[in-house]
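Novice: Model the structure of this input:
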Amino acid sequence: MGYLMGFVLFVFGVPAIMWLFSASFAFSVKRTAVFVAMAVIGLGLSVWSIVHMRNVGKGNPMDAFNHEVAPRTSELMADGPYAICRNPMLLGILMYYLGVVVLLWSVGSALAFAAYALIMSVQVSFEEKRLEKDFGEAYVRYRGKTRRLVPFVW
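Specialist: Predicted structure coming up:
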């Protein structure tokens, strides 16, 4: 049930809010193509991350500002999509939302995207403190060699 709720919230809910903040929408084949490409890549990365976390880490991503919503992973996730960056689910969903911004092509949707990215940046900071507490030196080493969000950049 949690995965269904997450799917509805992240795949439909946030983009709906972005659409509500858009003043208007004008269809564009080029922007639609960019959106589709970013949606496929972004959502694919997010789904891969969730499946990997569930199968390898024996847990799930539902940890909101240090309030455990569901069982956490029992293993430090440092391989598969987590070798790309420390937050591949977030990277994927941000790619998808950036595609929504391109599709809607409005200041309102860009502002909604920026607000979401800022909130998630704060969430990641809380999560990283918890991961260091849970996994100690292993997490510190992983954090030292793997970028937070964007491979090779940040």
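Novice: Residue 79: how many residues sit nearby?
Specialist: 10 (other CB atoms under 10 Å). In short, each C-beta sits where N, CA and C put it, glycine included.
Novice: got a list of what it touches?
Specialist: Residue 79 makes contacts with residue 56, as judged by CB atoms under 8 Å, 6 or more residues apart in numbering.
Novice: What's the separation between it and residue 56?
Specialist: Residue 79 is 7 Å from residue 56, where distance means CB to CB, to the nearest Å.
Novice: cool, and residue 150?
Specialist: As defined by CB to CB, residue 150 lies at a distance of 23 Å from residue 56.
Novice: residue ranges for the strands of this structure, please.
Specialist: 63-64, 67-68 (DSSP state E).
Novice: which non-adjacent residue is nearest the residue of the chain most remote from its centre?
Specialist: With distances taken from the mean C-alpha point of the chain and given as CA atoms, centre = their mean, the most distant residue is residue 26, at 27.1 Å. Setting aside the residues directly before and after it, residue 26 is nearest to residue 105 in space (CB to CB, 6 or more residues apart in numbering), at 7.4 Å.
Novice: what's the answer for residue 84, then?
Specialist: Distances taken as CB to CB, 6+ apart place residue 151 nearest to residue 84, at 5.5 Å, with adjacent residues excluded.
Novice: nearest residue to residue 142 other than its sequence neighbours?
Specialist: Counting by CB to CB, 6+ apart, the residue nearest residue 142 is residue 78, at 4.8 Å.
Novice: which residues does the residue most central in space within the chain contact?
Specialist: Centrality entry for the chain: nearest residue to the mean C-alpha point is residue 90, 1.5 Å, by CA atoms, centre = their mean. Residue 90 makes contact with 120, 124, 149, according to CB under 8 Å, 6+ apart.
Novice: do the same with residue 136
Specialist: Residue 136 sits next to no residue when contact means CB under 8 Å, 6+ apart.
Novice: Ok, residue 39 next?
Specialist: Shown here is residue 39, whose contacts under the criterion CB under 8 Å, 6+ apart are 96, 99.
Novice: Perfect, I'm done here.
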